[in-house]
Structure formats: C-alpha cells, structure tokens
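Colleague: structure for this input, please:
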Amino acid sequence: MSWSNAEAKHSHEYTCGWCGNLVASAIGYGSKVRHSEDIFICPHCQNPTIFVGIKQVPGVEFGTSVKHLPPDVEALYGEARQCAAAACYTASVLICRKLLMNVAVAQGAATGQTFIAYVEHLANGGYVPPNGRGWVDHIRKKGNEATHEIVLMSSVEAEELISFSEMLLKFIYEFPSRIPQVPAGAP
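Modeller: From the prediction side, this is the model:
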C-alpha cells in the first residue's frame, strides 16, 4: 500500500496496534494545527497509527495469542484483548467473565448453569492449575463487580484479568497440545 503525500518524519518506535510488531517508522503525517498529533505508517503492515500526545490509536492488545482454542473461546479472548486495547476496560472485564462460562461449557459443563457452577466445574474438574483457583475466583469477583455494581474497571484490572485468562487458556488448551502424540500401540 502506498500512502499519498506521506512525509519523512523523526523516527518513532512503537508496537503497532494492527500487526503487533515492534517497529520504528519515519514516514507519516503531522498535524498542521496541533504539534502533538502524528500519524505514523507501520513499515511492516503499512497501516496507520495515530498518536495524540502519548495516546496511541489503535492501542496495543494486552496479553498474547493462545493456540488451539475452540472458535468461540478464541473469539471471546480476542474480543477481551481488543476491548482493552481500545480503552474499553469494563467491557474487557465483562468478557473475561463470560470467557470462563464458555471454557467451562467447552470442557463439558452443562449449559444454563449458574456462574458459580461453571467456576466449580473448572476448579473441581482439574482444569485449573494448582494454586490457580485464585485466578478463576478473581476473574469471577471482578466480573461480578463490573456486572452488578456501578463501577468502571481500569486498565490495570483489565490487563490483570486478561493475563489470568491467558494463563488459564494456555493451561487448558495450548500446553496439552505440545505433548508429542505417541502412535497407537507404541510402548
């Protein structure tokens, strides 16, 4: 992609919110009105990133991708990360709570259960690592706070819940897939 009338700028290092790469761009656009506004073109994906002071749009997603997720779980985890990157922290926390329900159902829990039943299914079914019950309970409590109280969640809370969710998803889905498959009948 070629950008019309892009100009040479001072080099600016950032993590691209589009492709996730750490880049340094020296091509883009500057505001003629406000000197604290710039648009840099990512040298990797060619997408624009806007900087207004220190605020970056699109923002960088918290966490990392997790392999081998069921489609619904992958979509929710991605949505939680995207919401946090867009500074929609309460929405991100709410999605992390919903993610627990979907993981529990994907791991055999019946649909239509209470939320605590889903948490118990994960904890009692061996889907939560040792000492990981606190992660799940923290996600539950923060999700309940965001759902049932008049309170806004912060970036710190969203990042924390995404981090806990990521570890849980890696424990349940990604790490088991790394075990080499032994052919049937092999010792």
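Colleague: check the protein for its longest helix and report it.
Modeller: Scanning the chain for the helix with the most residues, using DSSP state H, yields helix 89-106.
Colleague: which stretches in this protein count as helices?
Modeller: In the chain, the segments counted as helices under DSSP H are 71-85, 89-106, 115-124, 133-148, 155-169, 175-177.
Colleague: other SSEs contacting the longest helix of the chain?
Modeller: helix 71-85, helix 115-124, helix 133-148, helix 155-169 (3 or more CB pairs under 8 Å, 6 or more residues apart in numbering; DSSP states H and E). (Glycine included, C-beta is placed from N, CA and C.)
Colleague: and it, average pLDDT?
Modeller: Across helix 89-106, the average pLDDT comes to 96.
Colleague: contact partners of that helix?
Modeller: Residues from elsewhere that reach helix 89-106 (CB atoms under 8 Å, 6 or more residues apart in numbering): 70, 72-73, 76-77, 79-81, 83-84, 111, 113, 115, 118-119, 121-122, 127, 136, 139-140, 142-144, 146-147, 152-155, 157-158, 161-162, 164-165, 168-169, 172.
Colleague: in ChimeraX, select just the buried ones from the residues you listed.
Modeller: A single ChimeraX command suffices to select whichever of the contacts of helix 89-106 are buried according to 16 or more other CB atoms under 10 Å:
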select :73,76,77,79,80,81,83,84,115,118,119,121,122,127,136,139,140,142,143,146,153,157,158,161,162,164,165,168,169,172
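Colleague: where does the protein have low pLDDT?
Modeller: Within the chain, the segments meeting pLDDT under 70 span 1, 34-35, 185-187.
Colleague: nearest residue to the most centrally placed residue in it in space, ignoring adjacent ones along the chain?
Modeller: The C-alpha lying nearest the average C-alpha coordinate of the chain belongs to Arg81 (CA atoms, centre = their mean; 2.4 Å). The shortest distance from Arg81 to any non-neighbouring residue, by CB to CB, 6 or more residues apart in numbering, is to Glu61 (4.0 Å).
Colleague: tell me who's in contact with the one you found.
Modeller: Taking CB under 8 Å, 6+ apart, one finds 17, 20, 81-82, 84-85 in contact with Glu61.
Colleague: from Ile150, how far off is it?
Modeller: 27 Å (CB to CB, to the nearest Å).
Colleague: follow-up on the earlier one: so can I have TSV of the helices of the chain showing distance to Ser31?
Modeller: Formatted as TSV, the helices of the chain follow (distance: least, CB to CB, whole Å):
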stretch	distance to Ser31
helix 71-85	23
helix 89-106	27
helix 115-124	47
helix 133-148	36
helix 155-169	26
helix 175-177	47
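Colleague: what is the neighbour count of Gly53?
Modeller: By other CB atoms under 10 Å, 9 other residues sit near Gly53.
Colleague: with adjacent residues omitted, what lies nearest to it?
Modeller: Ser36 (4.9 Å).
Colleague: what's the answer for Leu152, then?
Modeller: Nearest residue to Leu152, sequence neighbours excluded (CB to CB, 6+ apart): Thr90, at 5.4 Å.
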